[in-house]
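Asks: coords please:
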Amino acid sequence: MPLFLRPTWPDSNRDTDFVVMYREPPSDLPSREIHVGRIHWCYAGVPKETPWQWHVGFFQRTGRIGPHEGVVASFDIAKAEWKRCWDSGDPPINWPPSLARGARAVVVRN
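Replies: Here you go, the predicted structure:
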């Protein structure tokens, strides 16, 4: 699966907050990318022993076995738990209408 991590805040030097992105495999059509989850360090609201939170995006959960989110002790465990949930099913990507194939471009005029 063409998954990769991208900093949630590209202009920041924080290395504790990432979105999980899905990139469509190469084809004759232009490639699309979509945010399918997040892994980040929690600064409040979780026990000190489990500061990393992960979740599979809400619209990508259908067909996958939960839990779809959790808090764990390390970044590597968070990645492994996220991947376990993602790999538990193989439903099609739920593309939003604006990225659906055949979607019409929206033109905004002032």
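
Asks: could you pull out the strands in this structure for me?
Replies: Using DSSP state E, the strands of the chain run over 3-7, 17-23, 33-41, 52-56, 69-72.

Asks: so what's the residue nearest the centre of the chain up against?
Replies: In the chain, the centroid-proximal residue (C-alpha atoms, centre = their mean) is Gly37; its distance is 2.0 Å. Residues counted as contacts of Gly37 (C-beta atoms under 8 Å, 6 or more residues apart in numbering) are Val19, Val20, Trp54, His55, Val56, Gly57, Gln60, Trp82, Trp86. In this view, the C-beta of every residue, glycine as well, is placed from N, C-alpha and C.

Asks: got a PyMOL select line for the buried ones in the residues you listed?
Replies: Selection of buried members from the contacts of Gly37 for PyMOL, criterion 16 or more other C-beta atoms under 10 Å:
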select buried, resi 19+20+54+55+56+57+60+82+86
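
Asks: adding mean pLDDT, write the strands of the chain out as a markdown table.
Replies: As requested, the strands of the chain are exported to a markdown table (pLDDT from 0 to 100):
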| stretch | mean pLDDT |
| --- | --- |
| strand 3-7 | 91 |
| strand 17-23 | 93 |
| strand 33-41 | 94 |
| strand 52-56 | 96 |
| strand 69-72 | 95 |
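
Asks: mind checking which of those strands is nearest Pro97?
Replies: strand 33-41 (12.2 Å; C-beta to C-beta).

Asks: the closest one: partners in the sheet, and parallel or antiparallel?
Replies: Note on strand 33-41: by DSSP bridges, its sheet partners are strand 17-23 (antiparallel), strand 52-56 (antiparallel).

Asks: and the lowest-mean-pLDDT helix or strand in the chain, what does it pack against?
Replies: Least confident element among the helices and strands of the chain, by mean pLDDT, DSSP states H and E: strand 3-7 (a mean of 91). Strand 3-7 is packed against strand 17-23, with contacts defined by 3 or more C-beta pairs under 8 Å, 6 or more residues apart in numbering; DSSP states H and E.
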